[in-house]
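S.K.: Sequence and predicted model, in that order:
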Amino acid sequence: MLRTLFMLLLGLALLPVASPAFAQESQPHHPTDGVSFQQRLGEQVPLDLPFRDDQGAAVTLGDYFGTQPVILLLSYYECPMLCPLVRDGLVRGLNDVRLTVGTDFSVVNVSIDPAETPMNAASAKALTLTRYNRPERADGWHFLTGTQESIQRLADAVGFHYFYDETIDQYAHAAGILVLTPRGELARYFYGIEFNASDVRLGLVEASGNRIGSPVDQLLLLCYHFDPATGRYTGLVMTIVRVAGIITVITIAGAVWMMSRWPRRPGAPPTGPVGALG
């Protein structure tokens, strides 16, 4: 009898602890919980994906790769909130970058809404070009639409997880841009709706294999490293110290060499060993 009573009391004591855990596990997760950027640095995007450009022409993603790095943006053109902010932030950042769209790199914006048309893409492109301070380089901006299959394959390849909410007819998605190499490999992820011009420039220089940019950019890449967690370049103090130390050693060695090459003044005491007196 006492054993049975003890087991009953023990079960009642554990019930409040077990019930919340069971209830939490039984609750379904909301689809927006999976909205994120999952970084896949170094992976190849499928360049054979078919799309339509802003003129309605059939293209493949690979048409925009081969010679230049590419900034890739996944959004949708009729988005009422986040997407215009991301595009505006990108344009503001690029306005302060010395590299030029169409000359040094390309920008490819792919709509994640399969219902959007080339007309939607053309409108978004025209509005974007009015804000870019080098609108004559329109040939470097590409706004694409496509089927759900092409969109999903691209989104999966770059780790872009989004969700369509039928109740409000909108997409929930992460905010950011991607930088890819000329071969279509994922090089950098930059998050948010504002993009630092220095970070974007260094990302493009690095993705190009140092084929674009100035000697200063090459030096900065020695002093900075990319932090995938924050999507930013951060200064490396130890690298700067090492570079400064190397410069110091070279400077001292050069000064010693120059001094050894200077001619000795007439009447100056000899520099060799002095003989013994006596």
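M.R.: Noted; the coordinates are in hand.
S.K.: Quick check: the gap between Pro135 and Met119.
M.R.: To Met119, Pro135 is 20 Å away according to CB to CB, to the nearest Å. All C-beta atoms are positioned from the backbone trio N, CA, C, and that covers glycine.
S.K.: Quickly list what the residue nearest to Leu41 when sequence neighbours are not counted is bridged to.
M.R.: In space, and not counting its chain neighbours, Leu41 is closest to Leu186: 5.5 Å by CB to CB, 6 or more residues apart in numbering. On the basis of DSSP bridges, Leu186 is bridged to Leu180.
S.K.: isn't Leu186 right next to Leu180, touching?
M.R.: Yes - the pair formed by Leu186 and Leu180 meets the contact definition of CB atoms under 8 Å, at 5.9 Å.
S.K.: between these two, what contacts are shared?
M.R.: Listed as contacting both Leu186 and Leu180 by CB atoms under 8 Å, 6 or more residues apart in numbering are Val45.
S.K.: So between these two, which is more surrounded?
M.R.: Set side by side, Leu186 and Leu180 show more neighbours around Leu180, with 24 against 21, by other CB atoms under 10 Å.
S.K.: Report the separation between the residue nearest to Leu41 and Asn133.
M.R.: Applying CB to CB, the value for Leu186 to Asn133 is 28 Å.
S.K.: now do Gly34
M.R.: Gly34 sits 38 Å away from Asn133, going by CB to CB.
S.K.: Looking at the two, which one has more neighbours?
M.R.: The neighbour comparison of Gly34 against Asn133 (other CB under 10 Å) goes to Gly34, with 12 against 9.
S.K.: In contact with the nearest residue to Leu154 once chain neighbours are set aside: list those residues for me.
M.R.: Spatially, and ignoring its direct neighbours in sequence, Leu154 is nearest to Leu49 (5.8 Å; CB to CB, 6+ apart). By CB under 8 Å, 6+ apart, the contact set of Leu49 is Thr60, Leu61, Gly146, Ser150, Arg153, Leu154.
S.K.: which one of these sits closest to Ala255?
M.R.: The nearest member of the contacts of Leu49 to Ala255, counting by CB to CB, is Leu61 at 55.9 Å.
S.K.: need the contact list for that closest one.
M.R.: Leu61 neighbours (CB under 8 Å, 6+ apart): Val45, Pro46, Leu47, Asp48, Leu49, Phe51, Val108, Leu154, Gly184.
S.K.: Most neighbours among those residues, please name it.
M.R.: Neighbour-wise, the contacts of Leu61 (other CB under 10 Å) top out at Phe51, 25 neighbours.
S.K.: what's the next secondary structure element after the helix or strand harbouring that residue?
M.R.: Using DSSP states H and E, Phe51 sits in strand 50-52. Later in the chain than strand 50-52, the nearest helix or strand by DSSP H and E is strand 58-60.
S.K.: where does this protein dip in pLDDT?
M.R.: Applying pLDDT under 70 to the chain picks out residues 1-33, 210-245, 260-278.
S.K.: Show me the strands in it, by range?
M.R.: Applying DSSP state E to the chain gives strands spanning 36-37, 50-52, 58-60, 70-75, 106-111, 141-144, 160-161, 163-165, 170-172, 176-180, 186-191, 224-227, 232-235.
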